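Enquirer: Pasted the sequence and its predicted model underneath.
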Amino acid sequence: QERTVTGTVADGSDPLPGVTVIVSGTSNGTITDLDGKFSLSVPEGASLTFSFVGYKTQTIPVGTQSNISVGMEVDAEELDEVVVTALGQQQDKKSLGYAVQGVETEDLTRTGNSGLAGAMQGKISGVDIKPSSGMPGASTQINIRGARSFTGNNAPLYVIDGMPIASNPDFSTGNSVSGADISNRAVDIDPNDIESINILKGQAAAALYGIRASNGVIIINTKSGKGQKGGRPVVRIANFTSFERVSRKPEYQTTYAQGFNGAHAQGSSMAWGPLVSELPNDPTYGGNSQGRPGLYRVSQRERAGLDPWVAPATYDNFGDYFRTGYTINTSASVSQATEHANYSVGLSNATQQGIAPSTGMNRWNAKGKFDATLNEHFTTGVSANYVTTTIDKLSAGNDASLAGVYAAPTSYDLKGIPDAEPEDQFSQIYYRSPTFDNPYWAARNNEFTESTNRFYGNAYIQYETDIKDNMDIRFKYQLGVDAYTTHYQDIFEYGHRAGAGYMSNYGVTNNVINSLTTLNFNWDISSESKFQAILGNEVNDTRKKTYEQNGNAFNFGGWKHITNTNVITANENQRDTRTVGFFASLTYSYRSMLYLTLTGRNDYVSNMPRGNRSFFYPSISASWVVSEMDFMDNLDKVSLLKVRASFAQVGQAGDYLDNYYQTPSYAGGWWSNPYPIQYPLNINNNNVNSFTRFQQINDPNLKPQNTASYEVGADLGFLNDRITLSYTYSRQNVTDQIFAVPLAASTGFSELYTNGGELHTDAHEVILTAIPVETQNFSWLINLNFSRIVSKVDKLADGVESIFLGGFVTPQVRAAAGYTYPVIYGSTFLRDDEGRILVEEDPNSPYRGMPKPGPAGIIGDVNPDFILGFTNTFNYKNWSLGATFEWKQGGEMYSGSNGLNNLYGVSKVTEDRTSTFVYDGYLADGSKNNIVRGGSTDPQAYQYLYSDIEGNIDEAYIYENSFIKLRELSLGYKFPKKLIKGTTTLGLSAFARNILIWTELPNFDPESSQGNTNMAGSFERFSMPNTNSFGFGVDITF
Amino acid sequence: CTEDIMDEINKNPNNPTEVPSRLIITDAMNSSVVSVANGDYAIYASVFIEHQVGVFNQLYNTETRNDASVTSATTYNNAWVASYTTMRNLRDVIGKCSPGGSEDGNYHTLGIAQVLMAYNLAVVTDACGDVPWTEALDPTQFLRPNLDTQESIYEAVDQLLDDGIANLAKTSNFAALGAQDVIYGLQTDPTEYWTKFAYGLKARYAMRLVHKGKATYDDVLTNVGLSFASADEEAKYTYNGATSFNPFYLLFTQRDMYGSSKSLDSLNMNAADPRKAKYFVPHPDATDQVNPEFAPNGTPDQIQGRYGISSYFQDPVQTTYLMSYHELKFLEAEATERKGAGTGKTLAQAAITAAMTAAKIDAADITAYLTAIDGEAFDAKYILKEKYVAFYIVEPLEAYADYRRMQAMGEDDYIELLNPQPAKFPLRFTYGADDVNNNENVRKAQEKDNGQFVYTDPVWWASPN
């Protein structure tokens, strides 16, 4: 006999909609409505089972009750176990034969970082995140488990709400020795809108994504209304405001004035002049002999129309230049879940002003996400995002705005002396020749901007049904789009380098359509043995157009438009690509204890040569949950023991085109703009153009490069998972590497784009989480992420020892056979057979007793020994305190700024110019160097050493750059619930980022470098500085 | 998606896969001028032969013979690459215009390409000695070309010139290059000019090889007779100052690394030489705007804005010569003088007149100068000294070749150099890094004495017999 039972399900006092209520042992059931109420017909003596994702399942005997109130309890363990894997599949974490790691949204946004990359630093193992600087919008290189490609893409695929989106920069910074940085498109992502983030590190995890997956995948789900309690709309408003300052300030000498050879020279770039205090005695500029005792004449002040006579002084040119920057992140969202639908609508803004004048970023994100359950079979949803990002930048390297900020002699008043003549704002006044622009002038006049308008989103429809009691299928079709346009402007105003300046407008329009069809099939063969299959198809179609308009030589200053230039050239480039993939995944599991998954994907790509377009990639992974075995039941301190192993193959396609001709360019070498020849060339009123073969030739037999990866690991849980430990070892072997093999110039070409070379990566990752203390009012959480990742180049092409990644002729960043990846290459110290530095012995040489230059070679190893991220979180009642440290141990970089500050004689180490020294080297006969230099009879010795000798030996500019940073420190307070009118919660926080830096690199922050390519993090030269910040946050929910 | 659809998607709408030879040869000419004749070899040779003093950065390092600069393969890489890239384009043109090519029978373009190829090949072998040639420019066959001896390369140069002359004499049905020929294209009959240029080069290279017994002074004179009849016919390049600039002008405006040479001023130029006023002018930033300061050879202070510069550095459209009329006249004077002592004077005076005219010196000043030097010996050494001074403007490559030839002949005291490290006078350039890194044949040659061979090993034609 059946009767009707009604009831309410709640979490505390909040009613819980959507809870499944089933008559135990049957398939008869219902779900709770918006108010958490249900009504169900129940046979006599039955029990009801209440289940809901994220809550502990409860079974309650009905007995004689007709009305049952159930309080559901959150199941922390259960929440952890469901993870999002490839193609949006939700999997039980136990079943995975490979490592994935998630970051909680709370951990990402704790310190209001406006960039996702920065917000992830120190929180994930196996991932190396290398920011280029603290400039707003600065590019960041993210490598998961090292590198797979010498010169190609090593950045992970980003998938937002199931749709792969562009995250890489559209323009490479190329050699990265001039111009401004170019952002990655991942800059468009607002960390505040992230609900969850999961990183698929290995190739097995990502295999279903096929050819794009070799670098790992960052899967992001944005916030939705799903699972929201109560059915009411929830409004959240959050603001994070922080203030930025230069993270590290170099030390300067303040004893010696501008000049060289001990003499004052106005116009010199050096500070090898006389004592500052001696300036009034200078024969040319000194006032002591010209009736102005104690003063000296500054010709730049004269040009500026100021009184040229001043008393000698020193100035903090570095400190004067930088200001306090700020970041304001504001976001507002409304979300709601109803019985059959949920939505989230959000709007956010990030406004940043950089520490360097005329740098900043402004980003608006608008988003809407809607999901609905139409009936028991159909679900549909849509997600739409609009982003507009504007970034103002400064140039670095050989165009550095900051060259004078970093390297001006302290005797020159950079801030106090105007940067241009009063009558002519485009005639610069500077302490040195106009090889670089005066930084104040550059900030006022040069412009580097990028602005993006972007839409991405997708819509899906899903159908699911039971075929039999123990079988169901789910069919899902999703169509997504990622479309954006970015316009860039690089303007060197009239007066740049004392010339007429030049400008460049360039940009990209990129449209990506992604179609994804999946069919899931689940079959519970028996209560112990289960089978799951996924079949699918994906089509990715990309249409990209870039353009470029270059204008040379402005007619006059003040009107920075291309129509004001005298020579205008233009170019445009179109590139379409399509990838079509078919994939399948089969999983068999036995008793939640043994899992085996096979996947396969076949991709067809347009951008490979005919006949070589189809590739198949398999993967296999297995997981054995040892703790499910009966004998483990007695070991109750061990709550989880799982071992896993996987193997996968994934590749990367090349970008193949038939060999072609193009218009030659004379940029490079000595020449910045203008060049000796620029086409079209006007000759006697004839416009003459020319085409020559492109310097790179393409191999018509190009095949995809292949990454075979093995991964083994174990997961351990103790004391009901209060302590978890996860270890993963992986090895990737990359073969048939696609890259442009450098050719001997005598072949007439510079590169052959072909397969060659091998690279392997060994990665060790450890994740440790522990909750040492957990009481009702107090808890302490520890999270530790350790990574040791070593990528090594086994082989390049035949006869090729190394290839160029960026930099100058020397020094440069390279991939070199037999070395870790990448390395720094440049001129060396001449050494004897035992590797000892040899010194010049010719007694007539000005350089006697100083090191001699050797041949060019490998001079620096960029690869760190390990990276350790360490987070502690304390919660006490409504207070929370979090601190994340990151420790990078080992690795070297080329620090041009340190070297050049020595060369110019401005750095603190050049302050001692009077004591004698014996350079730590050896003589040709093997004895220790005994040639004494310096002292009163040899006043130029230090200048020779730092300027002439070390300035020509790149190895002298290589520095260790291990560091420990307190990445994040935050203190939060959540007011007791429902502060206002019982509906509003309020959280306040104060935080700091990148403080307490310890580093082996002298003077500068090691996280400041040139380039948005694979050379990132290794090569610095007057690069934009990094920052630290302090701020506070407010979070209101009602 | 079928392969055909994929092919359609992968079509390159931006770049052609084939272009006619007339569009290729244009850049071969331009790069021969700005990257070879007036390229990095010329920029550094100016310092070696003390036409200029390197006073800043890279050129300061060369000036002070800092080994890191002079013996390293990276220093001259751009010049090396430019030479072979130019020759690649010429090889492309020659292939298209030869039997089996898409423009078989385009003899005039073929002939021009062969003449230019000879010029470029001679420059790179003069710079580096034995270099890749027979295996060069053919990456499908040879990824690591082997070196050929300079002696055999000079035979190839002569053959190219003869082939070029022969092809220029043929009748062609293809349209003339017109403005695409940026050297002679706007002349009435460009083939005649190119032929004369080819003979001029034959004269130049014959002179190079006389002391090696591979040519005679009569060969020089025969070829001179078939070459330029006036300065109107010389192989020169005119810049427009908007989209083309003399590289020395750009080197000054963008890099500013040269200072006026003390030895040239005080030892090798006649005090009465009116060219001094143009050769040496104060740097615009110098305190003294009347008298330029001369940089001491080999030991300048490393500073910009102090030492004098040349007025030619301030002229964006200063002519570059592949071969000048005055060079031809000097070759004629030297060959004649060497055949019979005392017979070269009149020809030398003509050569000096041509050179000073090219230097934009007034006729009256030229006459005055010729009077002032009338008492000079006018032997071969003096003729070469005048040639050395005439080459100051933009012909340092030939001035450097002459000096090395005179060294081989034991007559290098025709001029006086002041660099205090004569043992470090570079006898050649290093090989380019792009070959040293990627071609073990060249690497082997470069590794000799850790690059110190540039001070000790002359190139073949500059080695004593």
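Expert: Good, I have the coordinates.
Enquirer: tally of neighbours for the residue in the stretch 201-350 of chain A that chain B sits nearest to?
Expert: In the stretch 201-350 of chain A, the residue that lies nearest chain B is A:G267 (5.2 Å; C-beta to the nearest C-beta). For the C-beta atoms, the positions are set from N, CA and C on the backbone; glycine is no exception. Other residues within reach of A:G267 by the criterion other C-beta atoms under 10 Å in any protein chain shown amount to 19.
Enquirer: okay but it is in contact with B:G305, surely?
Expert: Yes. Checked against C-beta atoms under 8 Å, the pair A:G267 and B:G305 is within contact range at 5.2 Å.
Enquirer: Okay, helices next: where are they in the stretch 351-465 of chain B?
Expert: Using DSSP state H, counting those that start in this stretch, the helices assigned to the stretch 351-465 of chain B run over residues B:363-372, B:380-390, B:396-408, B:433-438, B:440-446, B:453-456.
Enquirer: The ones you listed: which one's closest to chain A?
Expert: Closest of those to chain A is helix B:433-438, at 3.9 Å (criterion: C-beta to the nearest C-beta).
Enquirer: Looking at chain B, which residue is nearest chain A?
Expert: B:R88 (2.9 Å).
Enquirer: Let me see the contact set for residue 130.
Expert: No chain in the question, so chain A it is. By C-beta atoms under 8 Å, 6 or more residues apart in numbering or on different chains, the contact list for A:K130 reads A:T140, A:Q141, A:I142, A:N143, A:E1007, A:S1009, A:A1016, A:G1017.
Enquirer: I was thinking of chain B, sorry if that wasn't clear
Expert: So B:D130 contacts B:L147, B:D148, B:T149, B:Q150, B:I153, B:A445, B:W460 (C-beta under 8 Å, 6+ apart).
Enquirer: Let's see which of these end up in strands.
Expert: In strands, defined here by DSSP state E, the members of the contacts of B:D130 are B:L147, B:D148.
Enquirer: Out of the contacts of B:D130, which one has the weakest pLDDT?
Expert: Least confident of these in the model: B:A445, at 94.
Enquirer: For it, give me its contacts.
Expert: Applying C-beta under 8 Å, 6+ apart, the residues contacting B:A445 are B:D130, B:L147, B:Y431.
Enquirer: ditto for B:E3
Expert: Going by C-beta under 8 Å, 6+ apart, B:E3 touches A:R610, A:G611, A:R613.
Enquirer: For these, which PyMOL command selects only the ones that are buried?
Expert: To isolate the buried ones among the contacts of B:E3 in PyMOL, judged by 16 or more other C-beta atoms under 10 Å in any protein chain shown, type:
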select buried, chain A and resi 613
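Enquirer: could you pick out which of the contacts of B:E3 are near chain B?
Expert: A:R610, A:G611, A:R613 (C-beta under 8 Å from any C-beta of the partner chain).
Enquirer: Which of those sits closest to B:A42?
Expert: A:R610 (46.0 Å; C-beta to C-beta).
Enquirer: from what I can see the closest one touches B:I5, true?
Expert: No. Counting by C-beta under 8 Å, B:I5 is not a contact partner of A:R610; they are 11.3 Å apart.
Enquirer: In PDB, list the C-alpha atoms belonging to stretch B:449-458.
Expert: Taking Å, rounded to 0.1, in the frame of the first residue of the first chain, the C-alpha atoms of stretch B:449-458 are listed here in PDB:
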ATOM      1  CA  ASP B 449      93.800  30.300 -34.300                       C
ATOM      2  CA  ASN B 450      90.600  31.300 -32.600                       C
ATOM      3  CA  GLY B 451      89.900  33.800 -35.300                       C
ATOM      4  CA  GLN B 452      93.400  35.400 -35.100                       C
ATOM      5  CA  PHE B 453      94.100  34.300 -38.600                       C
ATOM      6  CA  VAL B 454      92.600  37.600 -39.800                       C
ATOM      7  CA  TYR B 455      95.800  39.300 -38.600                       C
ATOM      8  CA  THR B 456      98.200  36.800 -40.100                       C
ATOM      9  CA  ASP B 457      96.800  35.200 -43.300                       C
ATOM     10  CA  PRO B 458      96.300  37.400 -46.300                       C
END
